[in-house]
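Colleague: Okay, structure incoming, though there's no sequence with it:
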């Protein structure tokens, strides 16, 4: 179905971009694909956890409290926590994780797998509700915002995991592992909070936060690429 293919396209395109940013020592495609598939399938687990929680949150009468919990707990903690768990189980001790940028790349692949499943669900849901017009508009909006945002949260998580992996002491490693999860949760929470408010001033803050995320992400990518032990000596 065309809409399903279009829903998958942003995640695939961004994944290719991050793969080609890995300039000095390419990661094996089978492990990258495994990371993507695990992220894709993890969406099912997230939905199972989220459903009863969202049901409880909907009983709350205060609108701000409701969207705060949806953003920081329903989305931030549960979604980023699940991606983090997959990374730690699948990638962190893997011998292929041998340079700082690898953490960013694998975290992005997991996150884009998650975003791909989520995107297909939202787009097909929009199609069933409002036909092709709503389906296409949902594809466009999520391609510009939601899918890139998932990748950006992953860059930040991967940045700190890359620092943790190559830290010289266990305290620094533990501290940066905690930062990897904590900062990703906070960034995701604020992003969704502004998105769920659905008012003009909130959209302004959403755009500001999105620009800041991009700037942080490009800085983190550059820093970790420069640390590569495979980088040619000048």
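Modeller: Noted; the coordinates are in hand. For clarity, every value in this text was computed on a predicted model and none was experimentally measured.
Colleague: Okay, now the unreliable bits of this structure?
Modeller: The chain contains residues with pLDDT under 70 at 1, 234.
Colleague: Show me where it has its helices.
Modeller: Secondary structure of the chain by DSSP state H: the helices cover 2-21, 29-57, 63-69, 78-90, 100-144, 146-165, 170-197, 200-226.
Colleague: which of the residues in the last one are buried?
Modeller: Which is helix 200-226. By neighbour count with 16 or more other Cβ atoms under 10 Å, helix 200-226 contains the buried residues 205-206, 209-210, 213, 216-217, 220-221, 224-225. (C-beta placed from N, C-alpha, C; glycine too.)
Colleague: ok so, going back, of all the helices of the chain, which lies closest to residue 233?
Modeller: The stretch from those with the least distance to residue 233 (Cβ to Cβ) is helix 200-226; that distance is 12.7 Å.
Colleague: could you redo the buried residues of helix 200-226 as JSON lines and give each row distance to residue 117?
Modeller: What follows is the buried residues of helix 200-226, written out as JSON lines (distance: Cβ to Cβ, whole Å):
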{"residue": "205", "distance to residue 117": "28"}
{"residue": "206", "distance to residue 117": "23"}
{"residue": "209", "distance to residue 117": "24"}
{"residue": "210", "distance to residue 117": "22"}
{"residue": "213", "distance to residue 117": "22"}
{"residue": "216", "distance to residue 117": "25"}
{"residue": "217", "distance to residue 117": "22"}
{"residue": "220", "distance to residue 117": "25"}
{"residue": "221", "distance to residue 117": "25"}
{"residue": "224", "distance to residue 117": "27"}
{"residue": "225", "distance to residue 117": "29"}
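Colleague: what's the closest of these to residue 21?
Modeller: Of all the buried residues of helix 200-226, residue 21 sits closest to residue 221, with 6.2 Å by Cβ to Cβ.
Colleague: what's the residue minimising distance to the centre of the chain in contact with, if anything?
Modeller: A centroid search over the chain (Cα atoms, centre = their mean) returns residue 150, at 2.9 Å, as the residue closest to the centre. Contact partners of residue 150, counting by Cβ atoms under 8 Å, 6 or more residues apart in numbering, are 111-112, 114-115, 118.
Colleague: quick revisit: out of the helices of the chain, which one sits most buried?
Modeller: Among those, ranked by average contacts under mean count of other Cβ atoms under 10 Å, first place goes to helix 146-165 (a mean of 25).
Colleague: Run a quick check on residue 189 versus residue 70, I expect a contact.
Modeller: No: the pair residue 189 and residue 70 fails to qualify as a contact (Cβ atoms under 8 Å) at a distance of 9.5 Å.
Colleague: For residue 169, grab the count of nearby residues.
Modeller: Other residues near residue 169 number 8, with proximity taken as other Cβ atoms under 10 Å.
Colleague: now swap in residue 73 and tell me
Modeller: Neighbours of residue 73 using other Cβ under 10 Å come to 16.
Colleague: Check what contacts stretch 164-176 and list those residues.
Modeller: When contacts are defined by Cβ under 8 Å, 6+ apart, stretch 164-176 is touched by residues 92, 97, 100, 103, 160-161, 163, 177, 180, 227.
Colleague: make it 6 Å
Modeller: When contacts are taken as Cβ atoms under 6 Å, 6 or more residues apart in numbering, the neighbours of stretch 164-176 outside the stretch itself are 160, 163, 177.
Colleague: Return the member of those nearest to residue 185.
Modeller: For residue 185, the closest of the contacts of stretch 164-176 turns out to be residue 160, at 12.0 Å, with distances computed as Cβ to Cβ.
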